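>>> any chance you can model this:
(one chain, ligands or ions: 1)
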Amino acid sequence: MNLVFLGPPGAGKGSQAALVCEKYSIPHISTGNMLRAAIAQKTSMGLAAKKNIDAGNLVPDDVVIEIVKQRLAEDDCKNGYLLDGFPRTIAQAQKLDEFATLDLVILVDVDDKSIIKRLSRRRTCVDCSSTYDISKVPEDACHSCGGRLVRRTDDSKETIKNRLNVYHELTSPLVTYYKDSGRLCKVDGKATIEVVFSAVSEVLDTI
Ligand code: AMP
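I've put the predicted structure just below:
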């Protein structure tokens, strides 16, 4: 199963991806997580990407395409994978079609107002990237691994607005791109994690 999760920032792609990958034993490939790991390791690519990420802008296509191409060539991707946060532009999607064959693209649909509310309350584990709503999990440690919970630098109010603008301008055209090629499926991402996951599982059971 070669899958893509598409949707605005904060739609819950990462949380759903973790559940799907555990259920189907496929790797969760998040370009955001890979870029943040590169920043933490202070690689030259990470340091160059940091400015874009902190401002809520996209990292250049050629950089992310190369990261994904290399990652998909690894052994654990042979029986499938889930891409979370890639592709984010038409150019990325076209390149991906040159080196991968996708079975399904799942659009996790959430309106802007809910996204702004969710992201401004979001806290993320520095170690395993699990996310929490701060109003529900007020302690400072991750329930999964005990890691420190922080507010991502790009989860500030102004940056959230820019990320949403970038999504509408550059990423949302992918909905038509994948719909036209018969690969798109949409789930309502506004419900609870459990309800969204059961909708996602239903969709996946059909392929
Ligand atoms: P995410 O964790 O998916 O929300 O990604 C965080 C940030 O990483 C984005 O706001 C972008 O700056 C960068 N990023 C992640 N994936 C991509 C991508 N496919 N193309 C360009 N930039 C990306």
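>>> tell me the SS of I29?
Classification of I29 by DSSP: H, G, I helix; E, B strand; the rest coil places it in strand.
>>> so which helix or strand takes in the residue in the chain that the ligand sits nearest to?
Nearest residue of the chain to the ligand (Cβ to the nearest ligand atom) works out as G32 at 2.0 Å. Any C-beta I mention is one placed from the backbone N, CA and C, and that applies to glycine too. G32 belongs to helix 31-40 when assigned by DSSP states H and E.
>>> helix or strand next in line after that helix, which one?
helix 44-55.
>>> anything in that next one near the ligand?
Yes - applying Cβ under 6 Å from any ligand atom, one finds helix 44-55 in contact with the ligand at 52-53.
>>> residues in contact with that helix?
32, 35-40, 58-60, 63, 67, 153-154, 159, 162 (Cβ atoms under 8 Å, 6 or more residues apart in numbering).
>>> what about it, average pLDDT?
Averaged over helix 44-55, pLDDT sits at 96.
>>> same question, stretch 78-85
On average, stretch 78-85 scores 97.
>>> end-to-end on that stretch?
Criterion Cα to Cα, to the nearest Å; first-to-last residue distance in stretch 78-85 is 20 Å.
>>> who's in contact with it?
In this structure, residues lying in contact with stretch 78-85 by Cβ under 8 Å, 6+ apart are 1-5, 13-14, 17, 20-21, 24-32, 68, 72, 96.
>>> repeat that with 6 Å
By Cβ atoms under 6 Å, 6 or more residues apart in numbering, the residues outside stretch 78-85 that reach it are 1-5, 13-14, 17, 20-21, 26-32.
>>> hmm, back to that, list buried residues within the contacts of helix 44-55.
Buried members of these, scored by 16 or more other Cβ atoms under 10 Å, are 32, 35-36, 38-39, 58-59, 63, 67, 154, 159.
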